[in-house]
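A.B. asks: What shape does this take:
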Amino acid sequence: MFGFKSKATPSTDGGDKPSLFQRLRAKLNRGDSWLTYDLTNLLPGGRIDENVLDELETRLITADVGVETTERILEDLRKQVARKELGNLEALLQALRASLLGVLQPAAIPLVIDRDVTPFAILVVGVNGAGKTTTIGKLARRMKEHGLKVMLAAGDTFRAAAVEQLQVWGERNAVPVIAQSAGTDPAAVAFDAIQAARARGIDVLLADTAGRLHTQSNLMEELKKVKRVMGRVDARAPHEILLVLDASQGQNALQQARLFNEALGVTGVVLTKLDGTAKGGIVLAIASELKLPIRFIGTGETAEDFDEFDAEAFVDALLKRDA
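C.D. replies: Numbering: from 1, shown residues only. Next comes the predicted model:
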């Protein structure tokens with residue numbers, strides 16, 4: 001088995017690169033946290049009461065956490081307030097932090113590559129614009145840095161630009177790319193790629209797919225075919241079905257995750273674009289409602305803006321707390 005942890009990369013000023021917490025804090029919900037901003041103004045006489053919890057509830061729901069997950073987060077807080085255990089803002093924030101971690105920590109499961117399986121095949125899926133191809137490029141770089149032999153498969157055969165984009169990532173990372181002409185059956189590309197990877201002793205195969213509109217059943221059926229065909233070469237393949245979601249899509253991303261999971265059996269999630277308009281609540285919703293492992297998060301375009309999901313770093317950045 002083989003997991004991933006970031007290596008410290010020297011910065012141009014001689015220090016190590018910023019920690020995940022520092023990068024999250026700089027990019028996630030820039031400025032004051034949506035969750036805790038001006039909470040002090042809601043504490044009449046310093047008291048923690050139902051009005052404060054109602055305001056927290058509103059903020060969580062409007063930040064894409066969703067009603068079900070919000071109720072789970074607030075349930076224990078309400079009990080503590082009823083028992084008069086939260087005497088001030090600091091006590092409330094400590095309790096809120098513990099509640100958020102209770103939701104996220106079970107989902108913070110890193111991707112583990114089984115080195116006894118060659119190739120370890122990862123099928124990367126998601127809707128248009130979520131960042132699948134960029135995620136594949138960043139994963140390829142990360143895996144190469146850890147000494148793994150990587151191959152890419154250009155399974156998005158409907159867009160010539162998608163194949164070219166993946167080939168650019170292949171050249172950038174010095175990894176081979178299996179590609180065929182536009183319009184080729186994506187399942188055929190996946191079949192050829194997994195056979196080629198096995199013949200060349202490749203450790204990890206990263207297979208791209210076309211951006212699927214999750215409401216179009218025929219396209220979802222095609223993804224199921226890709227999965228089945230890979231299984232003809234190795235009955236356990238694909239060994240990871242990695243769903244890439246755009247975090248700025250909010251509750252729509254949660255619905256995408258539900259449908260992809262129903263169709264394919266998603267084994268891990270990557271959440272991208274957390275530096276954009278996303279407030280981060282969708283991360284909590286996916287962890288709580290779908291119980292899917294969150295493998296990686298992306299907070300920008302560079303390779304350094306892509307890292308394993310760390311529940312504590314995420315929560316502390318969300319609350320603008322010191323690490």
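A.B. asks: just the helices in this protein please.
C.D. replies: 20-27, 50-62, 67-82, 89-104, 132-145, 160-173, 186-199, 217-233, 251-264, 281-285, 311-318 (DSSP state H).
A.B. asks: List the contacts of stretch 226-236.
C.D. replies: 117, 121, 123, 155, 186-188, 190-191, 194-195, 198, 207, 209, 237-238, 241, 264 (C-beta atoms under 8 Å, 6 or more residues apart in numbering). Quick note: C-beta positions are derived from backbone N, CA and C, even for glycine.
A.B. asks: Swap in 10 Å and give it another go.
C.D. replies: 114, 117-121, 123, 125, 153, 155, 185-195, 197-198, 205, 207, 209-210, 237-239, 241, 263-265 (C-beta atoms under 10 Å, 6 or more residues apart in numbering).
A.B. asks: Tabulate the CA atom coordinates of it in PDB.
C.D. replies: Provided in PDB are the C-alpha atoms of stretch 226-236 (Å, rounded to 0.1, in the frame of the first residue of the first chain):
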ATOM      1  CA  VAL A 226     -15.900   2.200 -19.600                       C
ATOM      2  CA  LYS A 227     -15.900   0.700 -16.100                       C
ATOM      3  CA  ARG A 228     -17.000  -2.700 -17.300                       C
ATOM      4  CA  VAL A 229     -14.400  -2.800 -20.100                       C
ATOM      5  CA  MET A 230     -11.600  -2.000 -17.700                       C
ATOM      6  CA  GLY A 231     -12.800  -4.800 -15.600                       C
ATOM      7  CA  ARG A 232     -12.200  -7.300 -18.400                       C
ATOM      8  CA  VAL A 233      -8.500  -6.700 -18.100                       C
ATOM      9  CA  ASP A 234      -8.500  -6.700 -14.300                       C
ATOM     10  CA  ALA A 235     -11.600  -7.800 -12.500                       C
ATOM     11  CA  ARG A 236     -10.900  -5.300  -9.700                       C
END
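A.B. asks: Tell me which residues of that stretch come out buried.
C.D. replies: For stretch 226-236, the neighbour count (16 or more other C-beta atoms under 10 Å) marks 226-227, 229-230, 233-234 as buried.
A.B. asks: Return the distance of that stretch from the chain's centre.
C.D. replies: Per C-alpha atoms, centre = their mean, to the nearest Å, the displacement of stretch 226-236 from the mean C-alpha position of its chain is 24 Å.
A.B. asks: before we move on, what about stretch 175-182?
C.D. replies: That offset, for stretch 175-182, works out to 26 Å (C-alpha atoms, centre = their mean).
A.B. asks: Could you do stretch 247-257 as well?
C.D. replies: Relative to its chain's centre, stretch 247-257 lies at 12 Å (C-alpha atoms, centre = their mean).
A.B. asks: any idea of the mean pLDDT in it?
C.D. replies: Mean per-residue pLDDT for stretch 247-257: 91.
A.B. asks: cool, and stretch 169-180?
C.D. replies: 94.
A.B. asks: Just the terminal-to-terminal distance for it.
C.D. replies: 16 Å (C-alpha to C-alpha, to the nearest Å).
A.B. asks: Kindly report the same for stretch 102-115.
C.D. replies: OK, stretch 102-115 end separation, C-alpha to C-alpha: 31 Å.
A.B. asks: again, but for stretch 115-131
C.D. replies: Stretch 115-131: ends 27 Å apart by C-alpha to C-alpha.
A.B. asks: Centroid-nearest residue for this structure?
C.D. replies: In the chain, the residue lying closest to the centroid (C-alpha atoms, centre = their mean) is V270, at 2.1 Å.
A.B. asks: Surely that one touches R142?
C.D. replies: No: when contacts are counted by C-beta atoms under 10 Å, V270 is not listed as touching R142 (11.8 Å).
A.B. asks: All good on my end, thank you.
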